[in-house]
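1. no sequence for this one, just the structure:
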Ligand SMILES: *[C@@H]1O[C@H](CO)[C@@H](O)[C@H](O)[C@H]1NC(C)=O
Ligand SMILES: *[C@@H]1O[C@H](CO)[C@@H](O)[C@H](O)[C@H]1NC(C)=O
Ligand SMILES: *[C@@H]1O[C@H](CO)[C@@H](O)[C@H](O)[C@H]1NC(C)=O
Ligand SMILES: *[C@@H]1O[C@H](CO)[C@@H](O)[C@H](O)[C@H]1NC(C)=O
Ligand SMILES: *[C@@H]1O[C@H](CO)[C@@H](O)[C@H](O)[C@H]1NC(C)=O
């Protein structure tokens, strides 16, 4: 066997003795990452803001939970039977698939007292650990489910008869099938009556194992070695039927997804790596070498990164395999975050099954070498691996050579795969980057569905669940990802731990959490009240039905598709024109001078820009000190004569390269003056309003979908029906009539006349302020810029205070991250305290970069540039085509 060549050692040595420059470069680039991220993701990254947000009360969700039962985290759909099985703590339920609040059956499975006391003796908690958490629910056959529970840290499995919903009491040892610890990561899949698990094999949870248990054979498992599995967090496992119609007689494969501690990168602390591993279904273990162990276990790095920013998402939380009739068309979706959670970014990456297959069947192996006595390092194996290819499934060629099963594989192949389970070639995402990046969320679960839109185009719809009980729905369009909506599924802010999608008609999603199960429709089309809204939502499930003037779910509606309007680009221009809100229907607000007025405006879209117009003049935040724009509307403080008029709230949303504007709500604001004054005072505003509205008719407003209201409002003769009570005035106003009354409207006019006096007063105050400023500056109460000014004025003879200089020197010298953090307030002080938000985040980045700098990491932990380039086949390799 070709071992490690001296040439490799040289190359490797060169790597080890990297000059100082690249390291500082790395620190810079890490800093750049954080800087870049803030800019990039907020401007033109694939990041996506959900267009609509639905609270739990806004939508119709169905829930299931039972008193005193928790941890509803194991879900299994059986669409043939029309049921959802739920495994919770000490209970299994059978629920109606179309309404999960209907419970068909239940089974309670508690831990006997004897086992409970054993568990307590071993130091586990009676209330939490020593219970039976149902973690495996798999279909065995038509009549039976296979069920396993942690069973007070003594995993146990049994058969559940679906006829009477009872256990057969054939208690089987759950070791290697189910975890001991309910809090430990775990995954399982049943394939052709055999249970594949990723779990821990011992009480302490320190021995990770990927195993297969079948009724007919003994347990097949991974070698207990850090090169096979190194503190893995199992996420998902499923079978890919690669054997179907395989011309070379290949086998079906079971793929595992997990995050583990890397062995190939040196890093201070533990560097996590997302992995994809696979085993062959037909594996029987080796004859002498690898007895009862996988002969086909191989794993590779799963890359989810932004190469252009050098930013890596290195923790995989969940995986969904979007299967296709042929396995080559299958797409794997994963949700990722960074190990450093404070970055606050989640990403979705997609992988092509063909490229996964390519990596496993042709990828280079990695090799562990010992350098400098005890130190080991993983490098690429450049020699020729033995034949048959180590880790490959048995195929027709092997069978011709009399190797009909893994038992017949030569020892050389088996020894090689035992020592080289890790492939060097990574699995790269489709498009070399994330499909979707979302800020300020932690995604925990993912489910993906293929949806055929009305124009017959097929789109992948990605459902992602968060650790705060929310669901995001995003649709992959030609060259962008649009997040349609976010839905609050759980009342409490808790993680969604399981997410299932019904395949039958794709109607519902099921989400499991510690407190219950929630059933949600996959779309909320009826929430969109207008054609424009329905189209701008860009939801492939929804279309505007012109006949009933409603936004309908195209998969549930029997309506004629030709009468439906859908455009996934969001071109709302195809909607039939609607008559805009008539000005005469605007509610009238009567406000006392000096009082405040609240003008609500609910814009459904988070992507729309909200503009307010007063008599068709755009109001801007800065133009008046009396305005406060908020998400829900406009607040006017201390209303004066100039504030009266016609208010309109416009929503401007851009889609398909156009801006779609429309009036969302409108108000007529009038001053409520005491009778005696009103006769004389109302005249003025009325005429201005009329004058304005005449102007408006001449100059068309924002070009857009809805033309400006054309019927000019005649304020002198408002229809009495339009006059509404001042329901919109905030309570604070009505509650404090005293305050309102103290402001005499006439006083305002007096102030107007005395503006000269006011100006004088203002000048006086300004001079006083200036004097105070100068005094404080002289006394050194104010920070740096002032100090500089002071020293300039007083001459350089006078140095800044010694204390201050010491601080500056300290700042320069500090290299320790902890001190760096401590140094921050000082820096903030120097920056006169006006530290803006991005700068603060940059500060965090700087700290991080520093810690990177400090690390003994000799290699860049992720060399993306390298990884994303085709692997150099430097040496001749028998395996390479
Ligand atoms: C089970 O649910 C309870 C209540 O929500 C929670 O505190 C606990 O952490 C959960 N346990 C596991 C193992 O998920
Ligand atoms: C996956 O890769 C294969 C071969 O490279 C290609 O034909 C196929 O279109 C790809 N599928 C996707 C979804 O990108
Ligand atoms: C395979 O086995 C058969 C019978 O055991 C033998 O005749 C044949 O020569 C073998 N072929 C090879 C390639 O070893
Ligand atoms: C995401 O999770 C990490 C670690 O669990 C936490 O520190 C962070 O605050 C979370 N971020 C958000 C936006 O919830
Ligand atoms: C849409 O409006 C924004 C500002 O609101 C403007 O920058 C952009 O150019 C407009 N786009 C089109 C196509 O009119």
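-> Perfect, thanks for sending it. If you're wondering where the values come from, they're calculated on a predicted model, not measured in any experiment. Residues are numbered from 1 along each chain as shown. Ligands and ions are numbered 1, 2, ... in the order given.

2. make it CA atoms for all contacts and neighbour counts henceforth
-> Will do.

3. for the chain, what's the longest strand?
-> Secondary structure of the chain read by DSSP state E shows that its longest strand is strand 658-671.

4. That one near ligand 5 anywhere?
-> Yes. Using C-alpha under 6 Å from any ligand atom, a contact is recorded between strand 658-671 and ligand 5, made by 658-659.

5. list the helices and strands that strand packs on?
-> On a contact count with 3 or more C-alpha pairs under 8 Å, 6 or more residues apart in numbering; DSSP states H and E, strand 658-671 meets strand 588-591, strand 645-655.

6. With ligand 4 as the reference, name the closest of the ones you listed.
-> Nearest of the helices and strands packed on strand 658-671 to ligand 4, taken as C-alpha to the nearest ligand atom: strand 645-655 at 26.4 Å.

7. So what are the sheet partners of that closest one and their directions?
-> Looking at strand 645-655 with DSSP bridges, its partner strands are strand 609-614 (antiparallel), strand 658-671 (antiparallel).

8. Let me know which of those strands is tucked in deepest.
-> Among those, ranked by average contacts under mean count of other C-alpha atoms under 10 Å, first place goes to strand 658-671 (a mean of 22).

9. Up against ligand 5, what does the stretch 601-750 of the chain have?
-> Near ligand 5, when you scan the stretch 601-750 of the chain using C-alpha under 6 Å from any ligand atom, you find 657-659.

10. Could you pull out the helices in the stretch 351-500 of the chain for me?
-> Here the stretch 351-500 of the chain has its helices, by DSSP state H, counting those that start in this stretch, at 353-362, 396-400, 411-419.

11. what residues does the longest strand of the chain touch?
-> 571-572, 580-581, 583, 586-593, 599-603, 640-641, 643-654, 702-706 (C-alpha atoms under 8 Å, 6 or more residues apart in numbering).

12. try 7 Å this time
-> Residues outside strand 658-671 that contact it (C-alpha atoms under 7 Å, 6 or more residues apart in numbering): 586-593, 601, 641, 644-654, 704-706.

13. for stretch 248-268, what is the average pLDDT?
-> Stretch 248-268 carries an average pLDDT of 92.

14. Just the terminal-to-terminal distance for it.
-> Its first and final residues considered, stretch 248-268 spans 45 Å by C-alpha to C-alpha, to the nearest Å.

15. quick check, distance from that stretch to the centre of its chain.
-> 24 Å (C-alpha atoms, centre = their mean, to the nearest Å).

16. can you tell me which of the helices of the stretch 351-500 of the chain comes nearest to ligand 2?
-> Comparing the helices of the stretch 351-500 of the chain against ligand 2 with C-alpha to the nearest ligand atom, the closest turns out to be helix 353-362 (5.0 Å).

17. is ligand 2 contacted by that closest one?
-> Yes. Legend: contact between helix 353-362 and ligand 2 by C-alpha under 6 Å from any ligand atom is shown at residue 354.

18. For this protein, which residues are neighbours of ligand 2?
-> Taking C-alpha under 6 Å from any ligand atom as the contact definition, the chain meets ligand 2 at 329, 352, 354.

19. Of the residues you listed, which is the nearest to ligand 5?
-> Distances from ligand 5 to the residues of the chain next to ligand 2, taken by C-alpha to the nearest ligand atom, are shortest for residue 352, at 35.5 Å.

20. Help me confirm that the closest one comes into contact with residue 333.
-> No. Counting by C-alpha atoms under 7 Å, residue 352 does not reach residue 333; the two are 9.1 Å apart.

21. and the spatially closest residue to residue 157 that is not a sequence neighbour, how many neighbours does it have?
-> Distance criterion C-alpha to C-alpha, 6 or more residues apart in numbering; nearest residue to residue 157, sequence neighbours excluded, is residue 148 at 4.0 Å. By other C-alpha atoms under 10 Å, the residues close to residue 148 number 27.

22. Need phi/psi at residue 148.
-> Phi and psi for residue 148, reported as degrees, to the nearest 10, are phi -130, psi 150.

23. Numbering from 12 from now on, please.
-> Right, with 12 as the first residue, what we last looked at is residue 159.

24. Okay, it and ligand 5: tell me how far apart.
-> Going from residue 159 to ligand 5 by C-alpha to the nearest ligand atom, to the nearest Å gives 57 Å.

25. so can I have CSV of the helices and strands packed on strand 669-682 showing mean neighbour count?
-> Listed next are the helices and strands packed on strand 669-682 as CSV, based on neighbours: other C-alpha atoms under 10 Å:
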stretch, mean neighbour count
strand 599-602, 22
strand 656-666, 22
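
26. Take those strands and write them to a markdown table, including mean pLDDT.
-> Formatted as a markdown table, the helices and strands packed on strand 669-682 follow (pLDDT from 0 to 100):
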| stretch | mean pLDDT |
| --- | --- |
| strand 599-602 | 90 |
| strand 656-666 | 90 |
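
27. Nearest to residue 454, out of these?
-> Proximity to residue 454, assessed across the helices and strands packed on strand 669-682 by C-alpha to C-alpha, is greatest for strand 656-666 (26.7 Å).

28. Name the residues that touch the closest one?
-> Outside strand 656-666, the residues touching it (C-alpha under 7 Å, 6+ apart) are 580-582, 612, 614, 618-626, 670-681, 700.

29. got it, and stretch 472-489?
-> 452-462, 470-471, 492-501, 504-507.

30. Let me know whether residue 75 touches residue 112 as I believe.
-> Yes. Counting by C-alpha under 7 Å, residue 75 touches residue 112, with 5.1 Å between them.

31. beta partners of the residue nearest to residue 457 when sequence neighbours are not counted?
-> Spatially, and ignoring its direct neighbours in sequence, residue 457 is nearest to residue 475 (4.5 Å; C-alpha to C-alpha, 6+ apart). In this entry, residue 475 is beta-bridged to residue 457, residue 483, by DSSP bridges.

32. Residue 475 and residue 500, how far apart?
-> Applying C-alpha to C-alpha to residue 475 and residue 500 gives a distance of 12 Å.

33. Show me which residues of this structure are close to ligand 5?
-> 668-670.

34. from the residues of the chain next to ligand 2, which is closest to residue 150?
-> Among those, and counting by C-alpha to C-alpha, the member closest to residue 150 is residue 340, at 26.1 Å.

35. Around residue 521, count how many other residues there are.
-> Counted with other C-alpha under 10 Å, residue 521 comes out at 24.

36. If you could redo that for residue 450, that was the one I meant.
-> Residue 450: 16 surrounding residues under other C-alpha under 10 Å.

37. again with residue 239
-> Count around residue 239 with other C-alpha under 10 Å applied: 23.

38. How about residue 777?
-> Neighbours around residue 777, by other C-alpha under 10 Å: 12.

39. A strand includes it, no?
-> No. Counting by DSSP: H, G, I helix; E, B strand; the rest coil, residue 777 falls outside a strand, being helix.

40. on that earlier part again, can you redo the residues of the chain next to ligand 2 as TSV with neighbour count?
-> Output for the residues of the chain next to ligand 2, formatted as TSV (neighbours: other C-alpha under 10 Å):
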residue	neighbour count
340	13
363	20
365	13
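
41. Looking at these, which one is closest to residue 231?
-> residue 365 (27.0 Å).

42. That closest one: what's it in contact with?
-> Residue 365 touches residue 339, counting by C-alpha under 7 Å, 6+ apart.

43. Where do the strands of the stretch 412-561 of the chain begin and end?
-> For the stretch 412-561 of the chain, the strands defined by DSSP state E, counting those that start in this stretch occupy 447-450, 454-463, 469-477, 481-487, 492-499, 509-512, 519-523, 528-532, 553-556, 561-564.

44. Of the ones you listed, flag the one that's most buried.
-> The most buried one of those (mean count of other C-alpha under 10 Å) is strand 553-556, showing a mean of 28.

45. That one pairs with which strands, and in what direction?
-> Counting by DSSP bridges, strand 553-556 is paired with strand 561-564 (antiparallel), strand 575-576 (antiparallel).

46. got CSV for those strands, with mean pLDDT too?
-> Converted to CSV, these look like this (pLDDT from 0 to 100):
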stretch, mean pLDDT
strand 561-564, 94
strand 575-576, 94
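
47. Identify whichever of those strands lies nearest to ligand 4.
-> Among the strands paired with strand 553-556, strand 561-564 sits nearest to ligand 4 (C-alpha to the nearest ligand atom), with 31.8 Å.
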